[in-house]
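Peer 1: Model the structure of this input:
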Amino acid sequence: DADDLERYGRDYGMSEPSASDPRMTPHIWFNSTSPREDREHFEQGIDKFYSLHVHEVNGHEPEAEDYQKVANLIGVKFDRPIELVEDKQRDPLYGYYINLDERGDFYADVRDADGSTVFEIRAGESLGEDESSIFEDGFMRDKHDLSGLTEHLRSLGVIPQDAEVLTASEFEQRLEAPEDDDELSIG
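Peer 2: Numbering: from 1, shown residues only. Okay, here's the model as predicted:
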C-alpha cells in the first residue's frame with residue numbers, strides 16, 4: 001500500500017528509475033544509489049544497494065500511471081513522461097552487444113528488435129564508484145554467459161519469459177532472415 005511504499009523508498013534509499021528514458025522498456029524499477037547505512041555498513045564495510053520492482057498493481061500489470069504514482073510516493077523524478085512499450089508488441093528476440101572490452105573496462109548492452117537499448121552492463125572502470133557489476137553479483141558467470149543474462153532479465157521483467165537473448169551476430173542474422181524459413185531450397 002501507499003504507506004509501505006513511502007517507507008520502503010525512505011528506508012532503502014530508492015532514488016533513481018532503472019531507465020533514463022522510461023519509454024524504452026515495458027517495465028521500470030527503482031534503485032538505491034547510496035548504500036544503506038546499517039550496522040554491516042559501519043562495522044564490516046558491507047555496502048548494500050536495493051531495487052524496488054512493481055510486478056502488479058491491484059491485480060493487473062503496472063501501467064505508466066502506476067509507475068508514476070509509485071515514483072511520486074517514493075520521491076523519484078523522471079526526466080520525461082512515462083510512455084511504456086506494450087508487451088504484446090515486443091519481439092521475443094534480443095541482442096547482446098559488447099561495445100567495449102579492453103584494459104579492465106567493459107560495457108555491453110541488450111537491444112530489442114527496434115535497436116533500442118533495454119539493459120546496460122558495465123564492469124571495471126565503466127562502473128560508478130558505488131556500483132557493482134552483474135558479474136560480481138553472480139547473475140552472469142562471465143561476459144559470454146547468455147543464459148545467466150537471459151534469466152536475470154526475465155526475473156527483472158525487462159524481457160518476456162519466452163524471450164531469447166542472442167549474440168549480436170546471431171541476433172542480426174535472425175532479424176535479417178526471411179519470415180518463411182519453411183521453403184525447400186536445392187543447391
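Peer 1: Tell me the confidence at the residue nearest to residue 40 when sequence neighbours are not counted?
Peer 2: Among residues not flanking residue 40 along the chain, residue 46 sits closest, at 4.2 Å (C-beta to C-beta, 6 or more residues apart in numbering). The way it works is simple: take the backbone N, C-alpha and C, and place the C-beta from them, glycine included. Per-residue pLDDT puts residue 46 at 83.
Peer 1: Could you report the distance from residue 46 to residue 150?
Peer 2: As judged by C-beta to C-beta, to the nearest Å, residue 46 and residue 150 stand 29 Å apart.
Peer 1: okay, those two: which has more neighbours?
Peer 2: Remark: of residue 46 and residue 150, residue 150 carries more neighbours, 19 against 12, as counted by other C-beta atoms under 10 Å.
Peer 1: Name the nearest residue to the more buried one, sequence neighbours excluded.
Peer 2: residue 165 is the one closest to residue 150 (C-beta to C-beta, 6+ apart), at 4.5 Å.
Peer 1: ok, that neighbour - how many residues close by?
Peer 2: 25.
Peer 1: could I get the one helix or strand residue 71 maps to in PDB with only the CA atoms?
Peer 2: Take DSSP states H and E as the rule and residue 71 turns out to sit in helix 64-74. Written as PDB, here are the backbone C-alpha positions of helix 64-74 (Å, rounded to 0.1, in the frame of the first residue of the first chain):
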ATOM      1  CA  ALA A  64       2.600   4.100 -16.900                       C
ATOM      2  CA  GLU A  65       0.300   5.900 -14.400                       C
ATOM      3  CA  ASP A  66       1.000   3.200 -11.800                       C
ATOM      4  CA  TYR A  67       4.800   3.600 -12.200                       C
ATOM      5  CA  GLN A  68       4.300   7.400 -11.900                       C
ATOM      6  CA  LYS A  69       2.300   7.000  -8.700                       C
ATOM      7  CA  VAL A  70       4.900   4.800  -7.200                       C
ATOM      8  CA  ALA A  71       7.600   7.200  -8.200                       C
ATOM      9  CA  ASN A  72       5.700  10.100  -6.600                       C
ATOM     10  CA  LEU A  73       5.300   8.100  -3.300                       C
ATOM     11  CA  ILE A  74       9.000   7.300  -3.000                       C
END
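Peer 1: next SSE after that helix?
Peer 2: Heading C-terminal from helix 64-74, the first helix or strand you meet, by DSSP H and E, is strand 93-102.
Peer 1: wait, what's in contact with residue 66?
Peer 2: 54, 57 (C-beta atoms under 8 Å, 6 or more residues apart in numbering).
Peer 1: Show me what the helix or strand of the chain with the lowest mean pLDDT is packed up against.
Peer 2: Ranked by mean pLDDT, DSSP states H and E, the weakest helix or strand in the chain is strand 14-17, scoring a mean of 79. If contacts are counted by 3 or more C-beta pairs under 8 Å, 6 or more residues apart in numbering; DSSP states H and E, strand 14-17 sits against strand 29-32.
Peer 1: Cool, thanks, talk later.
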